Every structure is written in structure tokens, then in C-alpha cells.
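*Asks:* how would this look folded up:
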Amino acid sequence: MKRVLILTAGYGEGHNSAARALKTAFDERPGVQAELIDVFALHAPRLDRISRKAYLRVINQAPHTWAAIYRWLDRSPHAPFLFRAFSGHRRLLAQLIAEKQPVALVSTYPVYAWLLEQLRARGATVPPLHTVVTDAITINSLWYRAPSEGWFVTDPDSAAFLHAHGVPAGQVRASGFPVALAFADRPARLQPPAPSAGRRRILYMINSGRARARVTARALLQHPEWHITFTAGRDAQLQAELTELARLAPAGADVLGWTEKIPELLMTHHVVISKAGGATTQESINALCPMLVNQIVPGQEEGNYELLRRNEAGALAETPARVVETLQRAFENDAALWLRWRANLGRLARPAAARDIAATVLGPAAVVPVAGQPNLVSS
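*Replies:* Next comes the predicted model:
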């Protein structure tokens, strides 16, 4: 049995989403077993929970502060020194590699490349590392300043970005983002109805900003030609408020809490409204569901929207009025704009990316067993 360790972290859903899809793809292959590893959660669970909550609070409540931090991490030659403080994480990672003897490591979070570089500097022989970049186009340099066997990126423009910043072309593959294999295995029935057939189906995925969400919801619900599906996550109060708003509204509506059916929802709706998170943006692309971006976290999410903008595959709509106006424009003239967006998404989509990445990682050079692993646990 060949074992692959998939290294992830909970700072943004894109890392974990990509990691889960990759695990499924690796586990499909005969004689291969993949395991998800979050060293940050394993080493210090309480600290990890606190730091993840702090991260979410900063990006949602103080985005300009986060933008400054993100730029510093990208540009400062001193930023990598921060990772030397993770000595306990490094030792745990070394222990896991020594115990599990993987033939390859796949990372969806940039810090792991730096921890592995520290292990090599201490004399370790570690398995090949393959980095799956979960951001698009404007990629923080932490992703590529530490060595890797190769990088998988979402699209050709992102590959060009890495080439321009010194990564050899032969080490970069524009594989697409590893989305859930439900997108690759999509049954024919999972399609939105023709735009002219009944109500246009709009999915509103609410990630943050309850006050703005209520205003947007009221505006959407005034249009009887639309059917709105709201996802409120684990916010039970917001779910109850939306249910009451929808009860007597002209538009049709479904109000959901936390759900595992996001792929199916994306594949059966005409448009999704959401922030430009890495996973959500890429899932909308692979569902062929044009996206209205209503929030962009400075830094990592700017490139996600830029990918949609460059390929004319969605739009920016940061206010409730702009959301309604853009939807109306998308569906006018027999949905001409919506049809163009959807066709352009078809050129971007790579729904089998997880399988392609697994096949590449498990090529001949990657399946040689690791030998002579030194004891690094006390390093």
C-alpha cells in the first residue's frame, strides 16, 4: 500500500476543501491510501481554534489590517523567519513522516514547504513535496519561495505568474483547483432549467455580514420571476430571520442552514452570489454557475475575482442594489449575458483536477519508497 500524506490547515476553507477532494482522488487508485494531516490542529488544538477565529475576525471586521499583513508576508524577506517559531509543529511533522513512511507529500497550505525545508536543513530526507496552490493569479510569494517538487495551479494565468516570479515552467502545471469529484461525475440531470422556463434560480451563499445579507435578501425577494435559495451556514438566528422574510415574499425561496449539498446546489442554479473565497469561486466555475462576487477579502481573494473578470465569467456586485441590477442585466435579451458567462466558465472548468493531480503525483518518480529516514523528533 502506497501512502500519501495531504497536508492542510483550517485558515480559509479552500485549503481543506482542496485537501478533501485530493484524498478522494488518491483513495480511488488501487494500492494507494491518502491521509489528511493538519499539523496545526494536531499540535495545539486549542491554540489552533483561537487563531482560526482571530483570522476570520480580522478578515471580516478589519480587512485593511489583513491586507497590510498579507502584503508584508508577500514582500518581506523576513516573513519566513516566523515559521522558525513552529518548532513543535516541525517535530510533529517529522514524527508523522517517520511513522507513516509516505511516498509523497501534497500540501494545500504554504507553511508546510517552509517546515519541510527546515527539516532538510537538519539532515532529513523527506518524500517529494507537491504544492497545490489554492489562490489564483495574485499568488502570495510564501507559496513559491520555499522549494517543492512541483506546483499545481488553477489556470494558465496563475502558471504565468509563477513563471514570471522565477519558478521554472517545467515545475508548474495548470491543473485546475481540486474540487469535489461530484463536479467531474455530474449526472446529466443536475442542470439549471432553461432561463426561459419558469423562475430563474439564484443561490445566495451568506458567509459574513448579517446586516447586509438581510438587506440583500429583501431586495432579491421582491422579484417574482426569481427563486432564491439561501444558505445561512450554522447561523440559526439568521436562518430564522430569512425564513420569516421569505414567508410572504413575491419571489420563491428555500432557506437552508449548514448543508453538504453545495455542489448539487451550484449545478442546479443559474447564478450564485457569494464572497470570492478560493473554494467557492472554483466550485462555481466547475459547476458552470456564474458568480456575482459581493465581497472580496484583500489579498488572497483578489486573484479569485480577477480570474472571473479576465475570463468574463461573472461580475462584481458589492451592494444589494448592484446585485439586483446585475442579475436583471444577466437575464435580459433572452439571458444573453448569462449564456456568455456560462460558455466562458466551460473553458475554465477542470472538474477532474483532483484526479489529474493524483495521477501526476503518483508518476514513476514519486513512488520510490523513502529510505534511511533519520530520527528528527528531537530536532
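*Asks:* roughly how far apart are Ala85 and Pro45?
*Replies:* Computed as CB to CB, to the nearest Å, the Ala85 to Pro45 distance reads 18 Å. Yep, even glycine has a C-beta here, placed from its N, CA and C like the rest.
*Asks:* for Val106, same thing?
*Replies:* 23 Å.
*Asks:* again with Pro128
*Replies:* According to CB to CB, Pro128 and Pro45 sit 29 Å apart.
*Asks:* same thing with Ala159?
*Replies:* From Ala159 to Pro45 the distance is 36 Å (CB to CB).
*Asks:* Val285 and Leu348 touch, don't they?
*Replies:* Small correction: residue 285 is Ile, not Val. Yes - the criterion here is CB atoms under 8 Å, and Ile285 meets it with Leu348 at 5.1 Å.
*Asks:* with neighbour numbers in mind, choose between those two.
*Replies:* Between Ile285 and Leu348, Ile285 has the larger neighbour count (other CB atoms under 10 Å), namely 33 against 19.
*Asks:* just the element for that one, please.
*Replies:* In this assignment (DSSP states H and E), Ile285 forms part of helix 278-287.
*Asks:* next one: that helix to chain centre, how far?
*Replies:* Between the centre of helix 278-287 and the centre of its chain there are 8 Å (CA atoms, centre = their mean, to the nearest Å).
*Asks:* which strands or helices does it pack on?
*Replies:* Here helix 278-287 touches helix 13-28, helix 262-268, strand 271-275, strand 291-295, helix 302-310, helix 320-348, going by 3 or more CB pairs under 8 Å, 6 or more residues apart in numbering; DSSP states H and E.
*Asks:* tell me which of those approaches Ala146 most closely.
*Replies:* helix 13-28 (16.1 Å; CB to CB).
*Asks:* now do that closest one, average pLDDT.
*Replies:* For helix 13-28, mean pLDDT rounds to 95.
*Asks:* before we move on, the earlier item: Ala159 and Pro45: which has the busier surroundings?
*Replies:* When Ala159 and Pro45 are compared for neighbours, Ala159 comes out ahead with 20 against 11, by other CB under 10 Å.
*Asks:* so in the chain, where's the weakest helix or strand by average pLDDT?
*Replies:* Using mean pLDDT, DSSP states H and E, helix 45-61 stands out as the lowest-scoring helix or strand of the chain, at a mean of 86.
*Asks:* quick one: that one to strand 271-275, angle?
*Replies:* Relative orientation of helix 45-61 and strand 271-275, computed by axes from the mean of the first three to the mean of the last three CA atoms, to 10 degrees: 110 degrees.
*Asks:* show residues contacting helix 45-61.
*Replies:* Residues outside helix 45-61 that contact it (CB atoms under 8 Å, 6 or more residues apart in numbering): Gly10, Tyr11, Gly12, Asp38, Phe40, Ala41, Thr65, Trp66, Ile69, Ser208, Gly209, Val297.
*Asks:* reformat these as JSON lines; add neighbour count and secondary structure.
*Replies:* Output for the contacts of helix 45-61, formatted as JSON lines (neighbours: other CB atoms under 10 Å; DSSP: H, G, I helix; E, B strand; the rest coil):
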{"residue": "Gly10", "neighbour count": "17", "secondary structure": "coil"}
{"residue": "Tyr11", "neighbour count": "18", "secondary structure": "coil"}
{"residue": "Gly12", "neighbour count": "22", "secondary structure": "coil"}
{"residue": "Asp38", "neighbour count": "18", "secondary structure": "coil"}
{"residue": "Phe40", "neighbour count": "23", "secondary structure": "helix"}
{"residue": "Ala41", "neighbour count": "16", "secondary structure": "helix"}
{"residue": "Thr65", "neighbour count": "12", "secondary structure": "helix"}
{"residue": "Trp66", "neighbour count": "19", "secondary structure": "helix"}
{"residue": "Ile69", "neighbour count": "17", "secondary structure": "helix"}
{"residue": "Ser208", "neighbour count": "15", "secondary structure": "coil"}
{"residue": "Gly209", "neighbour count": "15", "secondary structure": "coil"}
{"residue": "Val297", "neighbour count": "21", "secondary structure": "coil"}
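*Asks:* could you give the angle of the least confident helix or strand of the chain to strand 291-295?
*Replies:* Relative orientation of helix 45-61 with respect to strand 291-295: 100 degrees, computed using the same axes, to 10 degrees.
*Asks:* which regions of this protein sit below the pLDDT cut-off?
*Replies:* For the chain, applying pLDDT under 70 flags the ranges 209, 364-379.
*Asks:* circling back: so for Leu73, which of the helices and strands packed on helix 278-287 sits nearest?
*Replies:* Minimum separation from Leu73 across the helices and strands packed on helix 278-287 (CB to CB) falls at helix 302-310, 14.3 Å.
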